[in-house]
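Need the 3D shape of this:
(one chain, ligands or ions: 1)
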Amino acid sequence: MTSNELAGQVRSADEPTPPAAASAFLGSADGNAAYADAIDLARECLLESFATVEGPYAGTDHERLRERIDDLAVFPAEGEALSDTLETVADEVLADSVRVHDPGCVAHLHCPPAIPALAAAVLLSGTNQSMDSFDQAPAASVLEERVVDACCELFEYPAGADGVFTGGGTESNFLGLLLARDWYCETRFDRSVQTAGLGPAAGDLRVCCSEAAHFTAEQAAHHLGLGEDAVVTVPTDDDRRIDLAALDDTLERLEAAGRHPFAIVGTAGTTDFGSIDPLEGLADRAADRGLWLHVDAAYGGACAISDRLRPKLAGIDRADSIAVDFHKLFYQPISCGAFLLRDGDRYRFLERNAAYLNPERDDAAGVPNLVSKSTRTTRRFDALKPFVTFNALGRTGVADCVEYVCELADAVAAAIRAEPALELCCEPELSTVVFRYRPDRPAHSDDRTEPLPAAAIDRVNRAVRDELLADGEVLLARTTVDGAAALKFTLLNPRTTRSDLDAALAAVVDRGEALEREVIDSV
Ligand SMILES: *Cc1c(COP(=O)(O)O)cnc(C)c1O
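Model prediction:
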């Protein structure tokens, strides 16, 4: 039997026929039409949901949500019309989603996404390029390289700098400390951690950061096999910036004890306060002692886009690596972050060639090889989102948004200072305002004989935030400042106005007054 005969026979006997569900894929006229319908439906569903509900959140609690969502089918045997499923999603999910574009949604570093980025998200999910090899993402790989280069220029990195898009600050901080550790072990101990593991010095490796640094420094130390205790935190000054004299003492003490501090993590925009460490001072210390400086600019990195705010980042160009998040103050839909490396040659510590993805002969030919710059393999083309956004709004358009929310923070801080029922916990540096309701304010406590215990003040503040969330009126964040409960605005939305925030402050004071009566009666 010839191979033609064989092929003919197989085909006629039991040729697999495409399933009915093949019509749910792009690639034919009916698929393309189904795609257009599906995207239209999704868009209508979203806009209708935005139009019908007011405020940042409906206020439904987690128990009620579990009851309702537990009733939904996940793997039904047979499908239904997409419009029916989307209707269910609208009722059960969208209606109880946080509306990040609402002016009262002022809790977290959780931004309203810019519309151009949402258009980009449609394109990147529709084309589904995968950044782990050139042959799965040809133009996307080259564009990501281009966007990374532009970011390196934005932070005034020299030629030879490199980087990669990440899922956010967590991954970027991990990458920074991973390269720092491996670089240090190679330069100090002539040891390749990639091939030989950590070796005998593992227990002595240390990272220094301020006590206001993000928890991901400790998380990274854990994941890197160093343990969270390898992170030594240094006190901050009154403005919540790392205290350089205390850092010097810490580094000296560690070295005298035979430890190996290998990296300093500076923060440009702490999550709680927006404070920015003195980066020049950190760069001097890293240079003097031969340490790696990683700057976590997940939040404050956005200052680089503004001529007015950029001076706040002075010295960041001297960092060995930088984490910057686009899904915070850069208005991109989640996930979107970047890791930047001052000396791209140091990527050698991550080098990996897989025959099926990026054989070495491709490297020699200069084929983009992004998988060797990342801790991930399959990865989305998230670089398209800032590319489209910056082109659509211009550098100035984005900078205006960043500057505006910082100005708004200053204005709201002034309003808090002027309100006796409120106390400002820290001067804003970026767009975060941390404050507290004061049931213990002087004029107010005249009729009280005993001072109000700190625990009662904390209880009132926590209850204010919980009740405003439950009513869906204002979505405030909570934190602690030197052990005491505090409230927080994180301003990102360029549509939020001063009067929205005055209303939010009035709501805090109203709630506080109602709650303090209950709390005071109970102490
Ligand atoms: C948000 C944040 C992180 C964590 O980043 P993700 O994008 O959430 O992974 C790290 N550091 C700082 C300072 C942050 O604000």
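
Now do stretch 135-151: everything it contacts.
Here stretch 135-151 makes contact (C-beta atoms under 8 Å, 6 or more residues apart in numbering) with 124, 127, 129-131, 134, 161-165, 324, 338, 340, 368, 370, 381, 383-384, 386-387. Every residue, glycine included, has its C-beta placed from N, CA and C.

The same query, at a cut-off of 7 Å, please.
Here stretch 135-151 makes contact (C-beta atoms under 7 Å, 6 or more residues apart in numbering) with 129-131, 134, 162-165, 324, 338, 340, 368, 370, 381, 383-384, 386-387.

This structure against the ligand: which residues are in contact?
Contact residues, the chain versus the ligand (C-beta under 6 Å from any ligand atom): 109, 168-170, 173, 214, 216, 267, 269, 271, 296, 298-299, 325, 337.

that older thread, mind checking which of the contacts of stretch 135-151 are in helices?
Of the contacts of stretch 135-151, the ones assigned to helices by DSSP state H are 384, 386, 387.

got a markdown table for those residues, with pLDDT and neighbour count too?
Converted to a markdown table, these look like this (pLDDT from 0 to 100; neighbours: other C-beta atoms under 10 Å):
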| residue | pLDDT | neighbour count |
| --- | --- | --- |
| 384 | 98 | 24 |
| 386 | 98 | 25 |
| 387 | 98 | 19 |
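
okay, those in CSV with distance to residue 188 next?
CSV is the format used below for the ones in helices among the contacts of stretch 135-151 (distance: C-beta to C-beta, whole Å):
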residue, distance to residue 188
384, 40
386, 37
387, 39
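
Just give me the closest of those residues to the ligand.
Nearest to the ligand among the ones in helices among the contacts of stretch 135-151 is residue 386, at 14.1 Å by C-beta to the nearest ligand atom.

Could I get the contacting residues of that closest one?
Residue 386 neighbours (C-beta under 7 Å, 6+ apart): 147, 326, 330, 332, 336.

swap in residue 495?
Shown in contact with residue 495 (C-beta under 7 Å, 6+ apart): residue 103.

Start from the N-terminal end of the stretch 1-150 of the chain and give the helices.
In the stretch 1-150 of the chain, the segments counted as helices under DSSP state H, counting those that start in this stretch are 3-14, 29-52, 62-70, 82-92, 115-127, 138-154.

relative to helix 82-92, how tilted is the shortest one?
Between helix 62-70 and helix 82-92, the angle comes out at 170 degrees (axes from the mean of the first three to the mean of the last three C-alpha atoms, to 10 degrees).

Off-centre distance for helix 62-70?
On the basis of C-alpha atoms, centre = their mean, to the nearest Å, helix 62-70 sits 27 Å off its chain's mean C-alpha point.

Could you list the residues in contact with it?
92, 96.

Report the mean confidence score over it.
Helix 62-70 carries an average pLDDT of 97.

Alpha carbons of that helix, as CSV, please.
C-alpha atoms of helix 62-70 as CSV (Å, rounded to 0.1, in the frame of the first residue of the first chain):
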residue,chain,number,x,y,z
HIS,A,62,-17.9,37.9,51.9
GLU,A,63,-20.4,35.4,53.5
ARG,A,64,-23.2,36.6,51.3
LEU,A,65,-21.0,36.5,48.2
ARG,A,66,-19.9,32.9,49.0
GLU,A,67,-23.5,31.8,49.3
ARG,A,68,-24.4,33.3,46.0
ILE,A,69,-21.3,32.3,44.1
ASP,A,70,-21.3,28.8,45.5
